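Undergrad: here is my input, please return the structure:
(2 chains)
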Amino acid sequence: MGFLTFLLKRLLGLVPTFFGITLISFFVMHLAPGEPMSLQADFNPKMTPEMRQRLRAQYGLDKPLYVQYAKWVKGLLHLDLGRSFSPDRRKVWDKIKERLPVTILINVLSMVLILVVAIPLGVRAAVKQNSLFDQVTTVLVFLAYAAPAFWVALLLMLFFGIELNILPVSGLHSLMGYEQMSFWQKVLDWARHLVLPVFVSAIGGLAGFSRYTRSSMLEVLRQDYVTTARAKGLPERVVIYRHALRNALLPLITILGLSIPGLIGGSVIFESIFAIPGVGQLMWSAVMARDYPVLMGNLVIVAVLTLLGNLLADIGYAAVDPRIRTGLQTEE
Amino acid sequence: MDRSLALSQEGQGSRWIRGLKELCSNPLTLSGLIVVGLLVFTAIFAPALAPYDPQKIDTFHILEPPSAAHWLGTDGLGRDCLSRLLFGARISLLVGFVAVGIATGVGTVLGAIAGYYGRWVDGLIMRFVDIMLCFPTIFLIMAVIAFLEPSIWNIMIVIGLTGWMGVARLVRAEFLSLKKRDFVLAARISGASDMEIVFKEILPNAIAPILVSATLGVGGAILTESALSFLGIGVQPPTPSWGNMLTEGKDNLEIAWWLSVFPGLAILITVLGYNLLGEGLRDFFDPRKKR
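TA: Residues are numbered from 1 along each chain as shown, chains lettered A, B, ... in the order given. Predicted structure coming up:
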């Protein structure tokens, strides 16, 4: 099986998963008790049963569920997710579209941070197994696993934002004087605002990834070809980075793909803490306003993002490891 | 009483004690066990341990830093933070147990069905798992609780119903390998029904990994609940939960550091305790990993 066949099969497999995602997104909201209506309708004392009925008809809520679902999916395929219940009545996709880049930017940055920091940490911990370095990183990993990200964010705000007063704690850029800045000043301003959010969103991944790198490395270092490389008299650096690490990184590509939903999920937390106008913050305000077109749209979009992220990881894996695309190694 | 039965029971008992001793011989596991034990103790005896009523508003002592009278200070309504922290342990413990109980139950049943029956049943269930795993859990939870009363019971149920996928995969894998073993074949030949084979033969042999994943899951559920409560969509004030206490910490970050530090520390220690216990159990059940 060639790479193209693999790709085609993998892409075809996305179709049922995509429809599963739309089914769950739709029915999760419609099976929940309570009518998905706008807050205005629920709290409006002048709301008569007739008006309520008219509003239901306007949103198509009086039709059978499967009709509503079919209509919603048809719209979704054209990126038409309906209109928000909020007073601005804007299109849901427009609301999501303007917020996606920020969320993706922060997630990509934190993924880069995770890779750049966690891989060397994990390699060093594995090479010097049971050393002081290994033990210290193990303790840090356990702490990072157990610490709530939003609490770490609060502590960092307290320390760097308030105590030392060297980093801004909210928003994407300065509110005052931002327009007058030169391009590079703007970049620096953004960077200063992004340091804490990116770090907070990366904590869990840093811990997990350095742990996986460590165990993957330990596994590989026991293999015969590493012994062979050493026996050939190659310098230890070459053995570790050229022979061992390359193979140890393979399973990590899958782990990276699996960590995407967690990263995106974290957006809700750090975006609301650091007042960053991304998808997570949109989700939070939609929950608060019970704005169900936005909720449904958001849910389906982040799931599709995850799906695409996993697809990228799989393609990456197949590209570097021929065993996957030739089917010599099954997944079970 | 039948003598041999009594003997075998005694043997069972001493095996338990020996196992417990071995488990506690690892200092990390022991500390996890102690943390979990302390949490249970605190949750049960919170009313006796708390120096003040956790809901009592005292407008004369608002936002006081830690002192002899209030060890962990007071919050914006003059309530004693230590007392609220102790009562918050109840929420964390309850959410952890109930949510994980639901997740483990659902995951075990679905995983067992998929692994035991295989073929299209397996394909269908595992596809469902894959789809559920595409949703960032917190988004899914938020979408559901937007339309529910934000009561602690609803929170627990929703956390449980969105957290079973890992267990299902694990149980399925166990069933796939166990169902081919000789003792299952023997049971089938001797005429045992599917139900008997699943519950009496296979499941008991898969208990260890389920227990490990449940223990580790408690920490995760506690973290999720605290994040939801922090965002204002979990446990609602005035009921004290560690998450919603931190919301107040955030609002008073510049003037009252103690509101932000202690509840988070409580979450950290609790989750750490469960994780250490879970890892300890994993090593205990799987000697290969002891290396």
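Undergrad: all contacts plus neighbour counts: C-alpha atoms, from now on.
TA: OK.
Undergrad: tell me who's in contact with residue 93.
TA: All of this is about chain A. By C-alpha atoms under 8 Å, 6 or more residues apart in numbering or on different chains, the residues touching residue A:93 are A:79, A:80, A:81, A:82, A:297.
Undergrad: please refer instead to chain B.
TA: With C-alpha under 8 Å, 6+ apart, residue B:93 has these contacts: B:39, B:40, B:43, B:222.
Undergrad: which helix or strand contains the second one?
TA: It refers to residue B:40. Assigned by DSSP states H and E, residue B:40 falls within helix B:27-49.
Undergrad: measure how far the helix or strand just after that helix is from the centre of its chain, please.
TA: Next in sequence after helix B:27-49, counting helices and strands by DSSP H and E, comes helix B:81-117. Centre-to-centre, helix B:81-117 and its host chain are 5 Å apart (C-alpha atoms, centre = their mean, to the nearest Å).
Undergrad: same question for helix B:81-117: list its buried residues.
TA: The neighbour-count check on helix B:81-117 (16 or more other C-alpha atoms under 10 Å in any protein chain shown) flags B:81-116 as buried.
Undergrad: state the distance from the nearest residue to residue B:51 once chain neighbours are set aside to residue A:163.
TA: Spatially, and ignoring its direct neighbours in sequence, residue B:51 is nearest to residue B:83 (6.2 Å; C-alpha to C-alpha, 6 or more residues apart in numbering or on different chains). As judged by C-alpha to C-alpha, to the nearest Å, residue B:83 and residue A:163 stand 28 Å apart.
Undergrad: list the contacts of residue B:105.
TA: residue B:164.
Undergrad: neighbours of residue B:55, how many?
TA: 16 (other C-alpha atoms under 10 Å in any protein chain shown).
Undergrad: might one say that it is in contact with residue B:79?
TA: Yes: with contact defined as C-alpha atoms under 8 Å, residue B:55 counts as touching residue B:79 (6.5 Å).
Undergrad: quick check: residues of the stretch 151-300 of chain A near chain B?
TA: A:151, A:154-155, A:158, A:162, A:261-262, A:264-265, A:268-269, A:272, A:283-284, A:287-288, A:290, A:295-296, A:299 (C-alpha under 8 Å from any C-alpha of the partner chain).
Undergrad: just the buried subset of those residues, written out for PyMOL, thanks.
TA: Of these, the buried ones go into a single PyMOL selection, burial set by 16+ other C-alpha under 10 Å:
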select buried, chain A and resi 151+154+155+158+162+261+262+264+265+268+269+272+283+284+287+290+295+296+299
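Undergrad: let's see which of the residues of the stretch 151-300 of chain A next to chain B end up in helices.
TA: A:151, A:154-155, A:261-262, A:264-265, A:268-269, A:272, A:283-284, A:287-288, A:295-296, A:299 (DSSP state H).
Undergrad: output the contacting helices and strands for the strand or helix carrying residue A:140.
TA: Element membership of residue A:140, judged by DSSP H and E, is helix A:132-146. Secondary-structure packing of helix A:132-146 (3 or more C-alpha pairs under 8 Å, 6 or more residues apart in numbering or on different chains; DSSP states H and E): helix A:92-127, helix A:183-221, helix B:257-285.
Undergrad: point out where the chain drops to low pLDDT.
TA: Here I'm looking at chain A. Chain A contains residues with pLDDT under 70 at A:1, A:31-47, A:58-60, A:324-332.
Undergrad: try again with chain B
TA: Along chain B, segments meeting pLDDT under 70 span B:1-13, B:287-291.
Undergrad: so what's the residue nearest the centre of it up against?
TA: For chain B, the residue sitting closest to the mean C-alpha position, by C-alpha atoms, centre = their mean, is residue B:218 at 1.6 Å. Applying C-alpha under 8 Å, 6+ apart, we find residue B:218 in contact with B:96, B:97, B:99, B:100, B:271, B:274.
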